[in-house]
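[1] this one's sequence-less:
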């Protein structure tokens, strides 16, 4: 069998399967804002309870992504994805039966967060990156990232329909079934990175990254991405209702973000294969400001919310293929899952702050305005952080004998 044939025969399947996992994981995650009102009414929980659960989920996701990346690099990605999908499904079922705030934090926070760690970008994108030619790598990661947005477009309206027809309790059963049914597909993502010719150990690779300034620029710019996406995903439906619009308007807005980011993520990945990834990344953060200013200054109506959602969707997860692509480009693929998990922790710390601060500020002031302005300021900072990133690949030093 020729090299080209071999490459083609196993390159596209991981892209499709990996995209499906990201679709299910990210799509299900985007439904959590829909459950806030019915679950809150049933249990008597306020928004800050859900904000804390979602914040814990995000920080667990970030810390778990490092462990999942190490597990994938050492023991194989297939096992990692299968275990994570199982934990995700169990977390959803546990959330269905949670009757106290602590149980909600342990299920929707801890278990679901661990499940997301191994079924999303930090593990899936390095799998895809190592199975495609370098010239197609950025585009392939853009496709997988677009899968997360497609999931948001498809699963969020489905989640609302499930809540309307089966109540929120039945909706959790169906969503957990989808995650559990995908577990056997993890077999197609099995394998470990090729370590031949690699001169660094895992510890040395981590040390090299931590002493490289660009790694820290990526970490903190990703913090801003997490702040934006988590805050908007959880709180936009509630914000819309606070402004006198219907709950369905919020659900449609979240779905529109996902739909438009199918195109945004794909083109971010594709352009990243030709142009400077750091410059594209900085532009993505800067252009988010336009959408937030639009929402702040225009009279709120369904059309204004939908335009905001479409604009933000174009730049929603476009950060992912660019950030992940820079990690692979600068630090190589051998420990890409581990290093991706470490940078992704920045994203999830930002997510924690975004969802917690959103709930806290709204509870104290009765408005989300302060958080929107913080998001605008952070977008400016993130764009500036991208400019000094050095895109040149690092040359691994030879290991010195003990």
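    That came through, no problem. Being a predicted model, the structure only gives us computed values, none of them experimental. Numbering: from 1, shown residues only.

[2] When you work out contacts or count neighbours from here on, use the C-alpha atoms and nothing else.
    Noted.

[3] pretty sure residue 86 is in contact with residue 180, am I right?
    Yes. Using C-alpha atoms under 8 Å, residue 86 is in contact with residue 180, at 6.0 Å.

[4] So the two - more neighbours on which side?
    residue 86 (20 against 17; other C-alpha atoms under 10 Å).

[5] element containing the more buried one, please.
    helix 77-97 (DSSP states H and E).

[6] what comes up buried for the helix or strand following that helix?
    Downstream of helix 77-97, the first helix or strand assigned by DSSP H and E is helix 101-104. Going by neighbour count (16 or more other C-alpha atoms under 10 Å), the buried part of helix 101-104 is 103-104.

[7] which helices and strands does helix 101-104 pack with?
    Under the contact definition 3 or more C-alpha pairs under 8 Å, 6 or more residues apart in numbering; DSSP states H and E, helix 101-104 sits against helix 77-97.

[8] elements contacting the helix it packs on?
    With 3+ C-alpha pairs under 8 Å, 6+ apart as the test, helix 77-97 has helix 47-75, helix 101-104, helix 112-119, helix 121-129, helix 134-181 packed against it.

[9] How far away from the center of its chain is the last one?
    Yep, that's helix 134-181 we're talking about. From the chain centre to the centre of helix 134-181 is a distance of 12 Å (C-alpha atoms, centre = their mean, to the nearest Å).

[10] Could you name the helices and strands sitting against that helix?
    helix 3-29, helix 32-43, helix 77-97, helix 121-129, helix 247-272, helix 319-331.

[11] what's the angle from it to helix 32-43?
    20 degrees (axes from the mean of the first three to the mean of the last three C-alpha atoms, to 10 degrees).

[12] can you check the fourth one too?
    The directions of helix 121-129 and helix 32-43 differ by 150 degrees, with the same axes, to 10 degrees as the criterion.

[13] how many degrees apart are helix 121-129 and helix 77-97 in direction?
    Using the same axes, to 10 degrees: helix 121-129 against helix 77-97 is 150 degrees.

[14] which outside residues touch helix 121-129?
    Contact with helix 121-129 is made by 11, 14-15, 18, 22, 65, 68-69, 72, 77, 81, 117-118, 137-138, 140-141, 144-145, 189, 320, 324, 328, 333, 336-338, 340-341, 344, as judged by C-alpha atoms under 8 Å, 6 or more residues apart in numbering.

[15] Return the distance of the nearest residue to residue 34 once chain neighbours are set aside relative to residue 23.
    Sequence neighbours aside, residue 160 is the residue nearest to residue 34 in space, at 6.8 Å (criterion: C-alpha to C-alpha, 6 or more residues apart in numbering). Separation of residue 160 from residue 23 (C-alpha to C-alpha, to the nearest Å): 17 Å.

[16] In terms of neighbours, single out the busier of the two.
    For residue 160 and residue 23, the more surrounded residue by other C-alpha under 10 Å is residue 23, and the numbers stand at 26 against 21.

[17] give me the low-pLDDT residue ranges for the protein?
    Filtered on pLDDT under 70, the chain yields the residue ranges 1-11, 192-199, 395-402.

[18] Spit out the contact partners of residue 91.
    107-108, 110-112, 115.

[19] that older thread, deepest-packed of the helices and strands packed on helix 134-181, please.
    Sort those by mean neighbour count, taking mean count of other C-alpha atoms under 10 Å, and helix 121-129 sits at the top with a mean of 28.

[20] how far away is residue 39 from residue 363?
    Relative to residue 363, and taking C-alpha to C-alpha, residue 39 is found at 18 Å.

[21] ditto for residue 286
    Taken as C-alpha to C-alpha, the span from residue 286 to residue 363 is 29 Å.

[22] which of the two has more neighbours?
    Neighbour count, other C-alpha under 10 Å: between residue 286 and residue 363, residue 286 has more, with 20 against 14.

[23] any idea which element that one lies in?
    Counting by DSSP H and E, residue 286 is found in helix 277-297.

[24] what does that helix rub up against?
    225, 268, 272, 304-305, 308, 311-312, 315, 318-319, 322-323, 325-326, 369, 372, 376, 379-380, 382-387, 389, 391.

[25] Give me the subset of those that lies in strands.
    The members of the contacts of helix 277-297 all map outside strands under DSSP state E.

[26] Going by neighbour count, which of those residues are buried?
    Here, 16+ other C-alpha under 10 Å leaves 225, 268, 272, 305, 308, 311-312, 315, 318-319, 322-323, 325-326, 372, 376, 379-380, 382-387, 389 buried among these.

[27] Need the distance between the two termini of stretch 308-326.
    First-to-last distance for stretch 308-326 - C-alpha to C-alpha - comes to 28 Å.

[28] Run the chain-centre distance for it.
    On C-alpha atoms, centre = their mean, the centre of stretch 308-326 falls 10 Å from that of its chain.

[29] got it, and stretch 298-305?
    27 Å.

[30] Ok, stretch 57-77 next?
    13 Å.

[31] Only the buried residues of that stretch, if you could.
    57-73, 76-77.

[32] and residue 271, what does it touch?
    Counted by C-alpha under 8 Å, 6+ apart, residue 271 has contacts residue 139.

[33] Quick check: residue 152 touching residue 255?
    Yes. Residue 152 is in contact with residue 255 according to C-alpha under 8 Å; the separation is 5.7 Å.

[34] How many residues are close by residue 352?
    There are 28 residues near residue 352, going by other C-alpha under 10 Å.
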